[in-house]
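Undergrad: Kindly return the folded structure for what I paste below:
(chains A and B)
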Amino acid sequence: MSINKNRRFTYLALLSAMAIALNLLETALIPPIMGVFRVGLANIIALLALMILGPKEMIAVNGMRVIIGNLISGRFLGSTFWISLGGVVLSTIILLLMYKIKSSVIFSSVMSAIAHSSGQVLVVMMFYQQPWMITFLPYFLIMSIPTGFITGYLAKIAIDRVKPLRIDKK
Amino acid sequence: MKKKEVLVIGIILLVAIGTLLFLNKRNGLDDGSLGEAKGEWIGVIHHNKVVLYFDSGIDDTYTVKGDIGEMVIEVKDQSWRVLEVECPNHVCEQMGWHNTDTIGIPITCVPNDIVIAEKKTIDNMEIQP
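TA: Numbers count the residues shown, from 1 in each chain, chains lettered A, B, ... in the order given. The predicted model follows:
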């Protein structure tokens, strides 16, 4: 394993740990808006992973965030796990798309937040057979825009500070 | 952010607000088939079917059975909340008190497949009475 590979692996482990910790802390400390809606602070780390490491690493960070985060909180394979997985899968796809078309960090974050909540609604609609959940979507869309801005802005600050440590992709 | 990006966000916001306004307008079409309530008629939906209607103007507690276990609903001072529920998540308990002025999502328990919503909202959902 080259030094660069070691550094990348260390970064990946650190970012994954941060994403899981932020996810758990947010669940434990910040009450959800309207009882169900969260800011999604772990999305900051997903954006950071995408910008400093790359798409594959961002997928790994998001995957570990959902699987390990839910294992730690004792919700693995429960209803919240599948709902959260649906959100993360769709937001990851949108983040990859935004990365490909070279969108700004804040716009990527807003679109990812929108995709995250839409993914969660889709899972409840399809797998829990509650099609009327679509009526919640406008609320989620409206809430996703400011939360996406917040996480995008924080991610931008973090990316600027981590840039000097950026690893060259080889 | 680029101009195009701001435009896309603006369009999404407009579509969401427009849909909300449209849904609220449809919510106003109440047929009043349950008669006059002291407060508002609130329905409890289980498996896409309304299993209970209660009057938010009458203080009381109601128990309904979900997929996992029982849910106790408390009604007090024109507001309602889930007092206790048998389910692994307890998200519906955390949703707190709801009343007719509460903006947003009806109280929902996904594991028990139960939703508590105003009759106006239920009429809009096209749920079986």
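Undergrad: From here on, just use CA atoms for contacts and neighbour counts.
TA: Fine.
Undergrad: Just the pLDDT at the residue of chain B found nearest chain A, thanks.
TA: Closest residue of chain B to chain A, CA to the nearest CA: residue B:95 (4.1 Å). On pLDDT, residue B:95 comes in at 82.
Undergrad: go on, residue B:19?
TA: 86.
Undergrad: and what of residue B:47?
TA: With respect to pLDDT, residue B:47 has a value of 84.
Undergrad: mind listing what it touches?
TA: B:113-114 (CA atoms under 8 Å, 6 or more residues apart in numbering or on different chains).
Undergrad: Secondary structure element for the spatially most central residue of chain A, which one?
TA: By CA atoms, centre = their mean, chain A has its centre lying nearest to residue A:43, at 3.4 Å. Residue A:43 belongs to helix A:42-52 when assigned by DSSP states H and E.
Undergrad: could you point out which element follows that helix?
TA: Proceeding N to C from helix A:42-52, the next assigned helix or strand is helix A:55-72, under DSSP H and E.
Undergrad: show me what contacts residue 112?
TA: Unless you meant another one, I'm taking chain A. A:90-92, A:94-95, A:148.
Undergrad: wait, I meant chain B there
TA: B:46, B:66-69, B:87.
Undergrad: how about a cut-off of 10 Å?
TA: B:46-47, B:65-71, B:85-88 (CA atoms under 10 Å, 6 or more residues apart in numbering or on different chains).
Undergrad: If I look at it, what pLDDT would I see?
TA: Model confidence at residue B:112 (pLDDT) stands at 89.
Undergrad: So what's the gap between the helix-or-strand element of chain B with minimal mean pLDDT and the chain middle?
TA: Within chain B, no helix or strand scores below helix B:119-125, which has a mean of 74 by mean pLDDT, DSSP states H and E. Here helix B:119-125 is found 9 Å from its chain centre; the criterion is CA atoms, centre = their mean, to the nearest Å.
Undergrad: element containing residue A:103, please.
TA: Using DSSP H and E, no helix or strand contains residue A:103.
Undergrad: I'd like the next helix or strand past the lengthiest helix in chain B.
TA: Determined from DSSP state H, the single longest helix within chain B is helix B:3-27. Using DSSP H and E, the next helix or strand after helix B:3-27 towards the C-terminus is strand B:41-46.
Undergrad: Quick check: the gap between residue A:80 and residue B:54.
TA: Distance from residue A:80 to residue B:54, counting by CA to CA, to the nearest Å: 29 Å.
Undergrad: do the same with residue A:11
TA: Counting by CA to CA, the gap from residue A:11 to residue B:54 is 55 Å.
Undergrad: neighbour-wise, which of those two wins?
TA: residue B:54 (21 against 18; other CA atoms under 10 Å in any protein chain shown).
Undergrad: Near the closest residue to that one other than its chain neighbours, how many other residues are there?
TA: Nearest residue to residue B:54 in three dimensions, chain neighbours excluded: residue B:42, at 5.3 Å (CA to CA, 6 or more residues apart in numbering or on different chains). Residue B:42: 23 surrounding residues under other CA under 10 Å.
Undergrad: Residue B:85 now?
TA: With other CA under 10 Å as criterion, residue B:85 counts 23.
Undergrad: Quick check, it in contact with residue B:74.
TA: No: with contacts counted by CA atoms under 10 Å, residue B:85 stays clear of residue B:74, the gap being 11.5 Å.
Undergrad: what touches both of those two?
TA: When contacts are counted by CA under 10 Å, 6+ apart, residue B:85 and residue B:74 have residue B:63 as shared neighbours.
Undergrad: Could you pick out which of the contacts of residue A:112 are located in helices?
TA: A:90-92, A:94-95, A:148.
Undergrad: Format the contacts of residue A:112 as TSV; extra columns: neighbour count.
TA: Compiled in TSV, the contacts of residue A:112 are given as follows (neighbours: other CA atoms under 10 Å in any protein chain shown):
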residue	neighbour count
A:90	21
A:91	28
A:92	22
A:94	20
A:95	28
A:148	25
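Undergrad: For chain B, state which of the residues you listed is nearest.
TA: Nearest to chain B among the contacts of residue A:112, with distances taken as CA to the nearest CA, is residue A:148, at 10.7 Å.
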